[in-house]
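Enquirer: Got a predicted structure here, sequence first:
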Amino acid sequence: MASKPPKGDPVQDAPQVAEPKHAAAGLPAIGHTLRIAQQQMGVKRTMLTLLSVNQKDGFDCPGCAWPEPDHRHKAEFCENGAKAVAEEATLRRVTPEFFAARSVADLATRSGYWLGQQGRLTHPMYLPEGGEHYEPVSWERAFDIVAEEIAGLGSPDEALFYTSGRTSNEAAFLYQLFARELGTNNLPDCSNMCHESSGSALSETIGVGKGSVLLEDMYKADLIIVAGQNPGTNHPRMLSALEKAKAGGARIISVNPLPEAGLERFKNPQTPKGLTTGAALNDLFLQIRIGGDQALFRLLGKLIVETEGAVDEAFVREHTHGYEEFAKTARAADWDETLAATGLTRADIEQALGMILASERTIVCWAMGLTQHKHSVATIREIVNFLLLRGNIGRPGAGVCPVRGHSNVQGDRTMGIFERPAPAFLDALEKEFGFAPPREHGYDVVRAIRALRDGDAKLFFAMGGNFVSASPDTAVTEAAMRRARLTVHVSTKLNRSHVVTGARALILPTLGRTERDLQGSGEQFVTVEDSMGMVHASRGRLEPASTHLLSEPAIVCRLARRVLGEDSVVPWEEFEKDYATIRDRIARVVPGFEDFNARVERPGGFALPHAPRDERRFPTATGKANFTAAPIEYPKVPEGRVLLQTLRSHDQYNTTIYGLDDRYRGIKNGRRVVLVNPEDAGQLGLTDGSYVNLVSEWQDGVERRAAGFRVVHYPTARGCAAAYYPETNVLVPLDATADTSNTPASKSVVVRLEQSATD
Ligand SMILES: Nc1nc2c(c(=O)[nH]1)N[C@H]1C(S)=C(S)[C@@H](COP(=O)(O)OP(=O)(O)OC[C@H]3O[C@@H](n4cnc5c(=O)[nH]c(N)nc54)[C@H](O)[C@@H]3O)O[C@H]1N2
Ligand SMILES: Nc1nc2c(c(=O)[nH]1)N[C@H]1C(S)=C(S)[C@@H](COP(=O)(O)OP(=O)(O)OC[C@H]3O[C@@H](n4cnc5c(=O)[nH]c(N)nc54)[C@H](O)[C@@H]3O)O[C@H]1N2
Ligand SMILES: [Mo]
């Protein structure tokens, strides 16, 4: 059997494995935070920077979208927020000399980790057609190049404008305005790969595609179900909210194929007890098979329907539509099928039911574990059914809580970053600015890749992110990107998307959240919206990483002026000079932002309206909250295969790799690992420490391969495996997407574990 790691980067390919942890945060997290921060920023800058994260006069943490509590602690950040800040506030620099010394071909052989570790981009850089190196370019020339290429397009729909979710409301609003004045709705965004399934399911069933709980609701809940989410790593500040909820009497059920340390026990570094034993969070752990959630929630629905007095009949009568049909379908749910789909026992489900029936106020939280499957939209609709049955939407302490990823991904959507904008939004734009925005839908991420692949799109522009690494089917995506005439990235840090380019390429370096933004009218701030629809200001404090950086709003304004010229009806110059003038326009276009400039001055900001939450009003097609009764689906895995989920380690932020450890899961010094249940491994003839290639098998008959993964015996649900993203994106077929939302099914990839050849 192969037991030697394959050749390659010796550090990355030498994972060491220890027992997984059963508690998150605590003292080790503090030590780890400071170590990583000081490596990047030095001691003084570390303290200065970390103390203004999430403070009322500071900047919004560029980590996750979890909201800030009203009474903020002096250190209102977490280990992973600190890592995100350190990445941005690093003192390392990627200069023109760096590019002069390394060709693009050379950079394309480096790992994403290595690229990211080189530091902040300092100058606009240009890769001419046929060129081997990026060379420095003036901002004027850079905008000329984009304008030249746009002028050469057959139609504005041959251009793609991608957004990653760190972009501020102001920049996002301008960016969509530019794309639409140019004449296209091609605004794919990271949300297409993230919570699109949540948005699709919630808009249809409750009429608003966002979560219906505020932070206070967490503290009022009797029961919080956390399904398909790993908050210990990805939303660590949520653990404090869960701890507080528990102290107030709430119970917690987690639904996950993996036992995640953060949900087992939380050692809150802000409390004395947290530094010793910490608090147990989970009351019940349902170790579900990947993709079994719809079946689970359907069966729970059946059991509620069949329990005398369990359904909130008054609520169902007054506020919902489709109950009868749902109840009929739910009654037909089958225990045996559910046990097969979920891998749970009858006792597990009965215990959960007892907790559910004892709860007057239930919240369901979820993230990527539910959104990235073929049947994700149906799964989330099932959660809505489950909550509606007991009247758990639109009252304190209850509701739906899709926990968003990027710190402003929800705000970007509110600002109109969407390839399928609502007609009402376009009407408002038209009324405010006096041009006719295009009405035809644009491309989402998957369709954008196809358009590049097929030659239907020729220009790719990214406002942040790392499209090439974040997207599915890496080989297909990279080949598609290389067909573009021009690829442009507005970025803070170097990443793979800069080195897999179109015929020409530009890197436009920009300010990060942490940095001071000075414009014609003085120092500016921007605004963001968190996962719970709270809008607040974010003010950078640090000196910019280089004097050549432009802010994202400034880049859009200058680009728009150059591309649209005299024809534009938008006052781009004024917007660049004073962001308050952008907010005045947002106030007139986007509902809920009335009086924006005044209200955002309030400490802590303001909440956007949410009809189901605030007034139990459901702005759907039926005017009520809709029950739905979709057929039950779950992944069927052929003999000898496992179902692979692609997820995050503790030391990464999406495609940004902070380090090579995944502390809570006991993995050190390597990322090419595949976590497999020991019994499955045994049946497949594999032992802990053996090396395999992951081979994805999809209906198109193409075998996609990721080579050289160390097998790690891990207590995941039977039949399931896990490995890190983005190394495994090569395995996710472009066409394997969720129904309706078109989100890549990155959490259910059927793979064969093929023993890798000994060398
Ligand atoms: N430090 C850090 N913070 C982050 C990020 C980061 O990379 N690093 N990314 C940000 C972004 S953009 C996002 S979207 C969020 C992501 O936050 P998460 O969704 O927590 O991220 P993942 O690592 O993808 O974890 C998915 C979780 O779902 C579980 N799961 C997988 N499949 C299933 C299933 O079928 N059913 C159930 N019930 N569970 C399942 C996995 O075991 C895992 O616990 O985090 C945000 N915050
Ligand atoms: N297989 C698999 N694939 C996935 C996922 C998965 O779970 N599995 N998750 C998906 C999810 S949930 C998401 S959200 C996407 C993430 O997709 P993206 O948002 O595209 O990727 P990131 O890795 O977050 O982007 C990192 C880059 O953003 C740039 N950046 C950072 N801060 C700023 C800033 O302030 N301004 C600008 N302009 N640039 C900045 C830096 O250059 C950095 O290299 O990936 C998706 N892909
Ligand atoms: Mo995300």
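Expert: Perfect, I can see it now. Being a predicted model, the structure only gives us computed values, none of them experimental. Ligands and ions are numbered 1, 2, ... in the order given.

Enquirer: Could you export the helix or strand hosting residue 385 as PDB, CA atoms only?
Expert: Per DSSP states H and E: residue 385 is located in helix 376-389. Output of helix 376-389 as PDB, limited to C-alpha atoms (Å, rounded to 0.1, in the frame of the first residue of the first chain):
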ATOM      1  CA  SER A 376     -30.800  22.400  -1.100                       C
ATOM      2  CA  VAL A 377     -33.700  24.700  -1.900                       C
ATOM      3  CA  ALA A 378     -36.100  21.800  -1.100                       C
ATOM      4  CA  THR A 379     -34.200  21.200   2.100                       C
ATOM      5  CA  ILE A 380     -34.500  24.900   3.200                       C
ATOM      6  CA  ARG A 381     -38.200  25.000   2.200                       C
ATOM      7  CA  GLU A 382     -38.600  22.000   4.500                       C
ATOM      8  CA  ILE A 383     -37.100  23.900   7.400                       C
ATOM      9  CA  VAL A 384     -39.600  26.700   6.700                       C
ATOM     10  CA  ASN A 385     -42.400  24.100   6.800                       C
ATOM     11  CA  PHE A 386     -41.100  22.800  10.100                       C
ATOM     12  CA  LEU A 387     -41.000  26.300  11.700                       C
ATOM     13  CA  LEU A 388     -44.400  27.300  10.300                       C
ATOM     14  CA  LEU A 389     -46.100  24.400  11.800                       C
END
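
Enquirer: Surely residue 263 is within a helix?
Expert: Yes - under DSSP: H, G, I helix; E, B strand; the rest coil, residue 263 falls within a helix.

Enquirer: Give me the distance between it and ligand 3.
Expert: Noted for residue 263: a distance of 19 Å to ligand 3, by C-beta to the ion, to the nearest Å. Using the backbone N, CA and C atoms, a C-beta is placed for each residue, glycine as well.

Enquirer: do the same with residue 289
Expert: Using C-beta to the ion, residue 289 is found at 23 Å from ligand 3.

Enquirer: So for the residue lying closest to that residue once chain neighbours are set aside, what's the pLDDT?
Expert: Leaving aside its chain neighbours, residue 289 sits nearest to residue 343 (4.0 Å; criterion: C-beta to C-beta, 6 or more residues apart in numbering). Note for residue 343: predicted pLDDT of 98.

Enquirer: Same question for the one 5 residues further on.
Expert: For residue 348, the pLDDT comes out at 97.

Enquirer: which stretch of helix or strand covers it?
Expert: Assigned by DSSP H and E, residue 348 belongs to helix 346-358.

Enquirer: could you give the angle of that helix to helix 376-389?
Expert: Interaxial angle of helix 346-358 relative to helix 376-389 (axes from the mean of the first three to the mean of the last three C-alpha atoms, to 10 degrees): 50 degrees.

Enquirer: Get me the contact residues on the stretch 501-650 of the chain for ligand 1.
Expert: Neighbours of ligand 1 within the stretch 501-650 of the chain, by C-beta under 6 Å from any ligand atom: 645, 647, 648.

Enquirer: could you say what helices and strands the strand of greatest length in the chain packs with?
Expert: Longest strand in the chain, counting residues (DSSP state E): strand 703-713. If you count contacts as 3 or more C-beta pairs under 8 Å, 6 or more residues apart in numbering; DSSP states H and E, strand 703-713 packs onto strand 13-17, strand 673-676, helix 678-683, strand 691-697.

Enquirer: Quick one: name whatever helix or strand follows that strand.
Expert: Next along the chain after strand 703-713, taking DSSP H and E as the criterion, comes strand 720-724.

Enquirer: Report the distance from that following strand to the chain centre.
Expert: Computed by C-alpha atoms, centre = their mean, to the nearest Å, the separation of strand 720-724 from the middle of its chain amounts to 18 Å.

Enquirer: Give the pairing partners of the helix or strand following it; include direction for each.
Expert: Note on strand 720-724: by DSSP H and E, the next helix or strand toward the C-terminus is strand 749-755. Within its sheet, strand 749-755 is paired with strand 642-647 (antiparallel), strand 691-697 (antiparallel), according to DSSP bridges.

Enquirer: still on that earlier bit, what is the mean pLDDT for the helix holding residue 385?
Expert: 98.

Enquirer: And it, what does it pack against?
Expert: Counting by 3+ C-beta pairs under 8 Å, 6+ apart, helix 376-389 packs on helix 196-206, helix 293-305, helix 313-319, strand 362-366, helix 368-371, strand 399-402, strand 625-626.

Enquirer: and the fifth one with ligand 3, contact?
Expert: No - Helix 368-371 lies out of reach of ligand 3 by C-beta under 5 Å from the ion, never closer than 6.7 Å.

Enquirer: is that helix anywhere near ligand 1?
Expert: Yes - counting by C-beta under 6 Å from any ligand atom, ligand 1 has neighbours in helix 368-371: 368, 369.
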